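**Student:** below are the sequence and a predicted model for it; my questions follow.
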Amino acid sequence: MDTPAEVIDTGDRDELDTLGLELALRDRQALDGDFAGCIVTALETVKGTLLFQMQIDAEPAKRKVAAVSVGHGETREYALIILPQGADGVRVERAADSDDPLAAIAPSFAGLIDVLDVAA
């Protein structure tokens with residue numbers, strides 16, 4: 001897999017770096033083998049969090065999808081990382097710009113994680 005060092009450094013800005021995530025997730029073979037693991041590795045560089053990941057087996061849109069977040073509080077941004085079956089690579093979409101219905105639930109998962117972190 002391409003190393004996370006290839007992710008464009010966003011410093012301490014806590015901004016969602018969609019291009020950096022796409023660059024870090026270029027290795028299709030690694031993504032097929034360990035989709036969530038590849039995403040977690042890429043997110044370490046941009047200081048993001050994996051909210052959930054799933055495989056959608058329904059036709060015609062078979063794909064693997066992960067929802068991620070970067071930042072905290074009101075500056076938190078959400079994105080979907082989508083690996084369509086048979087595609088050469090991933091697509092990273094900001095949740096606010098995505099037509100995928102899973103984009104709408106990403107903030108709810110982030111809220112749940114926040115509550116669980118406080119309870120722990």
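**Tutor:** Cool, the structure landed.
**Student:** okay, buried residues for the lengthiest helix in the chain please.
**Tutor:** Identified as the longest helix of the chain according to DSSP state H is helix 106-119. Of the residues in helix 106-119, 106-107, 109-110 count as buried by neighbour count, 16 or more other Cβ atoms under 10 Å. Bear in mind the C-beta positions are built from the backbone N, C-alpha and C, glycine included.
**Student:** could I get those as a markdown table with pLDDT and distance to residue 97?
**Tutor:** What follows is the buried residues of helix 106-119, written out as a markdown table (pLDDT from 0 to 100; distance: Cβ to Cβ, whole Å):
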| residue | pLDDT | distance to residue 97 |
| --- | --- | --- |
| 106 | 91 | 12 |
| 107 | 90 | 14 |
| 109 | 88 | 18 |
| 110 | 87 | 17 |
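**Student:** how many neighbours does the residue nearest to residue 91 when sequence neighbours are not counted have?
**Tutor:** Distances taken as Cβ to Cβ, 6 or more residues apart in numbering place residue 82 nearest to residue 91, at 4.7 Å, with adjacent residues excluded. Other residues near residue 82 come to 20 when the count uses other Cβ atoms under 10 Å.
**Student:** got the phi/psi numbers for residue 82?
**Tutor:** Note on residue 82: its backbone torsions stand at phi -120, psi 130 [degrees, to the nearest 10].
**Student:** elements contacting the longest helix of the chain?
**Tutor:** The criterion is 3 or more Cβ pairs under 8 Å, 6 or more residues apart in numbering; DSSP states H and E, and the helices and strands that helix 106-119 contacts are strand 48-56, strand 63-70, strand 77-84.
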